[in-house]
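Asks: Below is the sequence, then the predicted model.
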Amino acid sequence: MINNDADQTKSPLDDSTQFDTDSNHSDALDTGSGLMKRYRDIPHGFRPILICMTGSRKGVRHKIDKKHTIIGRTQLADFPIHESAASRRHARIIYENYDRPEEQPICYIEDLESRNGTELNGREINAIAPLKERDRLMIGHTIFGYFIRDLAELMHDEFLYNNAMRDPLTNIDNRQQMISHLKHFMARAQRRQTQFCFLVVDVDHFKNINDTYGHLIGDEALKHLALLMQGHIRETDFIARWGGEEFAIGVSDSTLYDATLLADRLREKIEGAPLKINDLTLPLTVSIGVTSLQEGDTIDMLFQRADRYLYEAKVSARNKVVAGT
């Protein structure tokens, strides 16, 4: 079912730097008297936190509360991550004024002579670098977000994160988060001249499912598919609901041929695992467009090319994979 027309083969932090306290936080607070009372009762000292945004520890938060925080593959690290591309002691967060929580945190990132380097906002660092609110760190294949929160904000930070970055129906990343990941992985691949591939997955005849069984069953079908696909991609890959019945998958360090094989395995898994609810057994199939990153590509160009191959799969047969460059 594969149609592949591709060749297979220490700078100080400026004292004037301000951090963004995220105005959305105030909107997210429950105005009920109970939560607001708890909010008022909590000391409002500031703390930096790291949020793991990809990989096996995705969603995990680590409050930085000491002078040095080690990130790495060893379980002895302060923030251990489980992936082969990370060194045992990969990088260190230096929290300069950790003993003065009433002040704006001053933090730096330092690579600890790791094998694959540490990246800050898409650029590899070669010296201690200052951190600011919403910076992105890449260690191995894992992206971390750096944020500054007061102790009250930590109460509802997880809600805010999920609300902003997760699709509420399927509980996988949403389009906004996928675009954020693509910026990092595409820049990394282009800089290091490694390969990166992109899959667009569309549910076949989804309108018929909604029209025949109702939107609640359609929603269950999307949740079922998201869970299936998430369980059959690598930890270094990432999946999002792109919109409607369409999903997107980023595949790092992979040739177009291998990404196409992955797409066909996903297609077969889905075909062989119908949705079962009470007495209903609903067969599901998907069509998938696959492409690889080319020199000069933007996110729009990458998506449009994958979407073109998806269209070819839909008009020719459905339940099919079409790939190309």
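Replies: Good, I have the coordinates. Residues are numbered from 1 along each chain as shown.
Asks: hey, let's count contacts and neighbours off CA atoms from now on
Replies: Will do.
Asks: Give me the neighbour count for the nearest residue to residue 85 once chain neighbours are set aside.
Replies: In this structure, residue 85 finds its nearest non-sequential neighbour in residue 140, 4.6 Å apart by Cα to Cα, 6 or more residues apart in numbering. For residue 140, the number of neighbouring residues by other Cα atoms under 10 Å comes to 23.
Asks: so what pLDDT did residue 140 get?
Replies: Looking at residue 140, its pLDDT reads 88.
Asks: One more: residue 201?
Replies: pLDDT, the model's per-residue confidence, is 98 for residue 201.
Asks: tell me the SS of it?
Replies: strand (DSSP: H, G, I helix; E, B strand; the rest coil).
Asks: Double-check it against residue 246; I have them as touching.
Replies: Yes - if you go by Cα atoms under 8 Å, residue 201 and residue 246 touch, sitting 5.6 Å apart.
Asks: With neighbour numbers in mind, choose between the two.
Replies: residue 201 (25 against 17).
Asks: how close does the residue lying farthest from the centre of the chain get to residue 255?
Replies: For the chain, the largest distance from the centre (Cα atoms, centre = their mean) belongs to residue 279, which lies 35.7 Å off. Residue 279 sits 42 Å away from residue 255, taking Cα to Cα, to the nearest Å as the criterion.
Asks: Then residue 321?
Replies: Using Cα to Cα, we find residue 321 at a distance of 15 Å from residue 255.
Asks: Same drill for those two, tell me which one is more crowded.
Replies: Each of residue 321 and residue 255 has its neighbours counted (other Cα under 10 Å); residue 321 has more, 30 against 20.
Asks: Please report phi then psi for that one.
Replies: Backbone dihedrals for residue 321, given as degrees, to the nearest 10, come out at phi -110, psi 130.
Asks: Likewise for residue 273?
Replies: Residue 273 adopts backbone torsions of phi -130, psi 80, taken as degrees, to the nearest 10.
Asks: C-alpha coordinates for stretch 120-138, CSV please?
Replies: C-alpha atoms of stretch 120-138 as CSV (Å, rounded to 0.1, in the frame of the first residue of the first chain):
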residue,chain,number,x,y,z
LEU,A,120,18.8,27.2,23.5
ASN,A,121,16.0,28.4,21.2
GLY,A,122,17.4,26.4,18.3
ARG,A,123,21.1,27.4,18.7
GLU,A,124,23.8,25.2,20.2
ILE,A,125,25.4,26.9,23.1
ASN,A,126,29.2,26.9,23.6
ALA,A,127,29.3,29.0,26.8
ILE,A,128,27.1,29.7,29.8
ALA,A,129,24.0,31.5,28.5
PRO,A,130,21.2,33.4,30.4
LEU,A,131,17.7,32.1,30.5
LYS,A,132,14.5,34.1,30.1
GLU,A,133,10.8,33.3,30.4
ARG,A,134,9.6,30.8,27.8
ASP,A,135,13.0,29.9,26.4
ARG,A,136,13.2,26.4,24.9
LEU,A,137,16.1,24.0,25.7
MET,A,138,16.8,21.0,23.6
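Asks: now it, how far from the centre of its chain.
Replies: Distance of stretch 120-138 from its chain centroid, counting by Cα atoms, centre = their mean, to the nearest Å, is 17 Å.
Asks: which stretches of the stretch 101-250 of the chain form strands?
Replies: 107-111, 118-120, 123-124, 129-130, 135-139, 142-150, 196-203, 238-243, 246-252 (DSSP state E, counting those that start in this stretch).
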